[in-house]
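S.K.: sequence unknown, structure follows:
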């Protein structure tokens, strides 16, 4: 479309936002600034200005590879394609993990200072864990949050927590940026394994591992339950193996040469068919 053929820019901000959000579809869930400008028919400068506002308001997420629908879409019941596909891809592993351990299994992602639970598989002891799909918990107080933060740019972590006070949930919650940074160093030294020993809720413990390729973590898988029933070092290899298999399916080129690091021997392989369900419909670079 030439400059003379380009339709006049809609005067309404709502119309312009609608054109921008309407540029996304299931076939192309991630778009660059230029692609959004071309699809919306809006001037690039206008698109850039509105994108900044949509990211700030959490309608969109922005990564180094472009823009995609954000957390507000998920929370309001919209089709946040990436998050829904991540949940569907990891569901078989979460269910198997729960059946093996008889403990609540979670899939969580990071949204600024919180984690948001995308999936939860619980049994008769699930009532002891006060979580729900779509619920939020301060990331620094959870194993899942620390597992993801450990693979987030340290400069970004410092910027986030220098400007915001760490919320205290229990007497064991980390309360300073320095203590959080030390904890994240320990998590990286364990290959991504993170623990929550009654830091988020009294009487509740958790172990988590990240889903990642060669870059940042996009999510974490965890086991959560009453602290008196949680032998965290013994549970850790099972959680890490689940995260490893999911990561290998999501990022096959990045993880093909990586070896799992565990505190105990890796448990036996998952039942036939689990990985095939994870692999279905997932592209290798989709989540980076």
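M.R.: Perfect, thanks for sending it. No experiment lies behind these values; they were computed from the predicted model shown.
S.K.: CA atoms for contacts and neighbours, from now on please.
M.R.: Noted.
S.K.: where do the strands sit along the protein?
M.R.: Assigned by DSSP state E, the chain shows strands spanning 60-63, 66-69, 104-111, 114-121, 136-138, 194-197, 204-212, 217-226.
S.K.: Rebuild those strands as JSON lines, extending it with mean pLDDT and distance to residue 242.
M.R.: Formatted as JSON lines, the strands of the chain follow (pLDDT from 0 to 100; distance: least, C-alpha to C-alpha, whole Å):
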{"stretch": "strand 60-63", "mean pLDDT": "86", "distance to residue 242": "26"}
{"stretch": "strand 66-69", "mean pLDDT": "87", "distance to residue 242": "26"}
{"stretch": "strand 104-111", "mean pLDDT": "90", "distance to residue 242": "11"}
{"stretch": "strand 114-121", "mean pLDDT": "88", "distance to residue 242": "14"}
{"stretch": "strand 136-138", "mean pLDDT": "90", "distance to residue 242": "22"}
{"stretch": "strand 194-197", "mean pLDDT": "94", "distance to residue 242": "14"}
{"stretch": "strand 204-212", "mean pLDDT": "92", "distance to residue 242": "8"}
{"stretch": "strand 217-226", "mean pLDDT": "91", "distance to residue 242": "8"}
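S.K.: right, and the ones you listed - which one's nearest residue 171?
M.R.: Closest to residue 171 of the strands of the chain is strand 194-197 (C-alpha to C-alpha; 10.8 Å).
S.K.: Relative to the closest one, what are the paired strands and their orientations?
M.R.: Neighbouring strands of strand 194-197 in its sheet, by DSSP bridges, are strand 204-212 (antiparallel).
S.K.: Give me the residues contacting the strand it pairs with.
M.R.: By C-alpha atoms under 8 Å, 6 or more residues apart in numbering, the surrounding residues in contact with strand 204-212 are 128-129, 142-144, 147-148, 192-199, 217-227, 230, 232, 235-236, 239-240, 243-244, 246-247, 251.
S.K.: Can you select the buried ones among those residues for me in PyMOL?
M.R.: Those of the contacts of strand 204-212 that count as buried under 16 or more other C-alpha atoms under 10 Å are selected in PyMOL with:
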select buried, resi 129+142+143+144+147+148+192+193+194+195+196+197+198+199+217+218+219+220+221+222+223+224+225+226+227+230+232+235+236+239+240+243+244+246+247+251
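S.K.: Below-threshold pLDDT in the stretch 151-288 of the chain: ranges please.
M.R.: Residues of the stretch 151-288 of the chain that meet the criterion pLDDT under 70 lie in 253-288.
S.K.: ok, back up a step: right, so the strands of the chain: which one is the most enclosed?
M.R.: Most buried of these, by mean neighbour count (mean count of other C-alpha atoms under 10 Å): strand 204-212, with a mean of 29.
S.K.: the inter-axis angle of that one versus strand 104-111?
M.R.: Angle of strand 204-212 versus strand 104-111, following axes from the mean of the first three to the mean of the last three C-alpha atoms, to 10 degrees, is 60 degrees.
S.K.: Use 10 as the first number from now on
M.R.: Noted, 10 is the first residue going forward, which turns the last one into strand 213-221.
S.K.: Determine how far strand 213-221 lies from the middle of the whole chain.
M.R.: Chain-centre distance of strand 213-221: 12 Å, with C-alpha atoms, centre = their mean, to the nearest Å.
S.K.: cool, and stretch 54-63?
M.R.: Between the centre of stretch 54-63 and the centre of its chain there are 25 Å (C-alpha atoms, centre = their mean).
S.K.: What of stretch 153-160?
M.R.: Averaged C-alpha coordinates place stretch 153-160 at 9 Å from its chain's average position (C-alpha atoms, centre = their mean).
S.K.: List the contacts of that stretch.
M.R.: Under C-alpha under 8 Å, 6+ apart, the answer for stretch 153-160 is 117-119, 123-124, 147-149, 166, 192-194, 196-197, 201-203, 216-219, 224-231.
S.K.: hey, what's residue 76 bridged with?
M.R.: With DSSP bridges as the rule, residue 76 is bridged to residue 40, residue 71.
S.K.: Could you measure from it over to residue 148?
M.R.: Distance of residue 76 to residue 148, given as C-alpha to C-alpha, to the nearest Å: 23 Å.
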